[in-house]
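Undergrad: can you look at this prediction? I've put the sequence above it.
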Amino acid sequence: MMLPDKKFTDFIDQNRLFERSGTLLAAVSGGMDSVLMVHLLKSSGYNFAIAHCNFQLRGAEADADQQFCKTLAQQNNAAFHTINFDTQQYAAENKISIQMAARELRYTWFEQLRQQNNYTVIALAHHQNDAIETILLNLVRGTGIAGLHGILPKNGWLVRPLLFLTRGEIEALIKQNGYSYTEDSSNASVKYARNKLRHEVIPKLQQLNPNLEHTFENNLRHFRDMEVLLGLRQAELKKELFIDSGDDVYLQLDAVKALNPQRLLLFKLLQDYGFNETAVDDLISVLNKHSGKVFEAANFKLILDRDKLIITPKNKPADEPVELSGTDNSINYGDYKLTVLHDDTPLIVKDNPMAVSVDADKLVYPLSIRTWQQSDAFYPLGMKTRKKLSDFFINLKIPLHEKNKIPLLINGNGHIIWIGGHRLDERYKVADNTKKVTIFELYKVK
């Protein structure tokens, strides 16, 4: 029987999987799927090498598969790469399943080979039934729309040129062309979820719909189109709603409340920052209630402010306090530079919140700069009563994540002299009896 070379090359070209120039790396297990892929690549005139992994899980059977793949490479004049993995040890060390260990090991090695030998892509022998199984597995475990598109023909450097064929079609081609292949005995076991679907669930579904593969092929096309449409809407919303502010991103709360469908779109907007569906559900439940609520992902915080959502990187540990001697003209602290100017006249700086004039005679050196602490309090300029710094920040409506970025100038006696960029302490203001001033000015340097 002739091989479906034209369908094979048409599928490759239509999905832009790879060009005829260059050499690709074919991942070959020895099973009928990967064996057929090798013969199709050869008969269609592509340049390829073969890679085979021995996971050392099936003893002599695995060794025989390895030898078979080596012979197959020789028969097709293809370079051959092989490796033996101690899969059980890797799984134990990383506390993962044998299946996950084998997956991590093989894909890491394939990519190393690709880079070392300048292979254009890595070709995998998945077919339509694999895509069906993947969708069903995702549905059973729980998934969003991305989990419904099944196995993509191309994902980065990974390509799957057999996705136009069903398992039945592959079996027929192998048999009619008399190709040899190896059988993995573990494929018959139903202890693995995918095998259970393959041997027990899908045959039942095929009784309900004998054209199951064709139906799923159409479903996959629809799901992929919907995913593209959702991605376009997500990109539009990011342009409309995201307001960049340095390292932070703001979303106006009114716009978030107006999203429809709210849960889906809000999840897609926050997904890139590591927030899962549970965090989105929790956020939606308090949108009208708790200003100041904080949600955390691995690398970001999401803060529900009065009129906006704030996405901010998780704060790195606070910078250590920096001391300032009486002879220093400037020092750096975190994202800021502080300059110091001494003057013999009682000059008061006006109209610049990033600069302040202080009664020089009240300074006790060394001074220091640090961020706020929960117990901090001071006497705000113009007030005779002591105020907690936490309450001061609340009154100024300073978002939670911004509080930890504000530098405080601390006197040698422990008093707060100045909340940088915001307020001087009443005790250190320039008064009628002030003889000398020191002017401090902050500059953002990062």
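TA: Nice, thanks for sending it over. As the structure is a computational prediction, the values presented were derived from the model and not from experiment.

Undergrad: so where does Leu251 fall, helix or strand?
TA: Counting by DSSP states H and E, the element that carries Leu251 is strand 248-252.

Undergrad: the closest residue to Tyr192 other than its chain neighbours: what secondary structure?
TA: Distances taken as CB to CB, 6 or more residues apart in numbering put Gln99 closest to Tyr192, at 6.8 Å, once the chain neighbours are dropped. To be clear about C-beta, it is placed using only N, CA and C from the backbone, and glycine gets the same treatment. Remark: Gln99 carries the secondary structure label helix [criterion: DSSP: H, G, I helix; E, B strand; the rest coil].

Undergrad: list of residues touching stretch 395-410?
TA: By CB atoms under 8 Å, 6 or more residues apart in numbering, the residues outside stretch 395-410 that reach it are 248, 292, 294, 301, 303, 305-306, 310, 312, 315, 318, 321, 333-336, 338, 367-372, 376, 393, 416-422, 440, 442.

Undergrad: now the buried members of those residues.
TA: Neighbour-count burial (16 or more other CB atoms under 10 Å) applied to the contacts of stretch 395-410 gives 248, 301, 303, 305, 310, 312, 333-334, 336, 338, 367-372, 376, 393, 416-420, 422, 440, 442.

Undergrad: helices - which of these land there?
TA: Counting by DSSP state H, the buried ones among the contacts of stretch 395-410 place Phe393 in helices.

Undergrad: what about the buried ones among the contacts of stretch 395-410, which are in strands?
TA: 248, 301, 303, 310, 312, 333, 336, 338, 367-370, 416-419, 440, 442 (DSSP state E).

Undergrad: check what pLDDT the residue nearest to Tyr192 gets.
TA: The predicted local distance difference test score for Gln99 is 87.

Undergrad: that one touches Asn195, doesn't it?
TA: No: distance between Gln99 and Asn195: 10.6 Å, which falls outside the contact criterion (CB atoms under 8 Å).

Undergrad: shared neighbours, these two?
TA: Both Gln99 and Asn195 lack any common contact, where contact means CB under 8 Å, 6+ apart.

Undergrad: for Gly31, give me its contacts.
TA: With CB under 8 Å, 6+ apart as the criterion, the residues that contact Gly31 are Ala125, Tyr181, Thr182, Glu183, Asp184, Asn187.

Undergrad: could you redo the last one with a cut-off of 10 Å?
TA: Contacts here follow CB atoms under 10 Å, 6 or more residues apart in numbering; on that basis Gly31 touches Asp65, Ala125, Ile170, Ile174, Tyr181, Thr182, Glu183, Asp184, Asn187.

Undergrad: likewise for Ile151?
TA: Listed by CB under 10 Å, 6+ apart, the contact set of Ile151 reads 124, 126-128, 130-135, 158, 160, 163, 220.

Undergrad: and those, which is closest to Asp432?
TA: Sorting those by how near they are to Asp432, with CB to CB, puts Leu158 at the top with 76.9 Å.

Undergrad: skipping adjacent residues, who's closest to the closest one in space?
TA: Beyond its immediate neighbours in the sequence, the residue positioned closest to Leu158 (CB to CB, 6+ apart) is Ile122, lying 5.4 Å away.

Undergrad: from Ile50, how far out is that neighbour?
TA: 11 Å (CB to CB, to the nearest Å).

Undergrad: these two: who's more crowded?
TA: When Ile122 and Ile50 are compared for neighbours, Ile50 comes out ahead with 24 against 21, by other CB atoms under 10 Å.

Undergrad: number of residues surrounding the closest residue to that one other than its chain neighbours?
TA: Once flanking residues are discounted, Ile50 sits nearest to Ala73: 4.3 Å by CB to CB, 6+ apart. Each residue near Ala73 was counted by other CB under 10 Å, and the total is 22.

Undergrad: and what of the one 5 residues further on?
TA: Look at Ala78: counted by other CB under 10 Å, it has 20 neighbours.

Undergrad: looks to me like Lys397 is in a helix.
TA: No: assessed with three-state DSSP, Lys397 is coil; it does not lie in a helix.

Undergrad: you'd agree Gly45 is up against Arg20?
TA: Yes: the pair Gly45 / Arg20 is scored as a contact, 7.1 Å apart, by CB atoms under 10 Å.

Undergrad: which neighbours do these two have in common?
TA: Common contact partners of Gly45 and Arg20 (CB under 10 Å, 6+ apart): Thr9.

Undergrad: when the two are compared, which one has more neighbours?
TA: More neighbours surround Arg20 than the other of Gly45 and Arg20, with 12 against 9 (other CB under 10 Å).

Undergrad: now do the strands in the stretch 101-250 of the chain.
TA: Ranges of strands in the stretch 101-250 of the chain, per DSSP state E, counting those that start in this stretch, are 122-123, 154-155, 158-159, 243-245, 248-252.

Undergrad: most tightly surrounded among these?
TA: Each of the strands of the stretch 101-250 of the chain was scored by mean neighbour count; the highest is strand 122-123, a mean of 25, by mean count of other CB atoms under 10 Å.

Undergrad: packing partners of that one?
TA: Strand 122-123 makes packing contacts with strand 24-27, helix 32-43, strand 48-54, helix 98-117, strand 158-159 when contacts are defined by 3 or more CB pairs under 10 Å, 6 or more residues apart in numbering; DSSP states H and E.

Undergrad: can we see that at 6 Å?
TA: For strand 122-123, the packing partners by 3 or more CB pairs under 6 Å, 6 or more residues apart in numbering; DSSP states H and E come out as strand 24-27.

Undergrad: that older thread, residues making contact with the strand holding Leu251?
TA: Strand 248-252 has contacts (CB atoms under 6 Å, 6 or more residues apart in numbering) with Leu241, Phe242, Ile243, Lys308, Leu309, Ile310, Ile311, Thr312.
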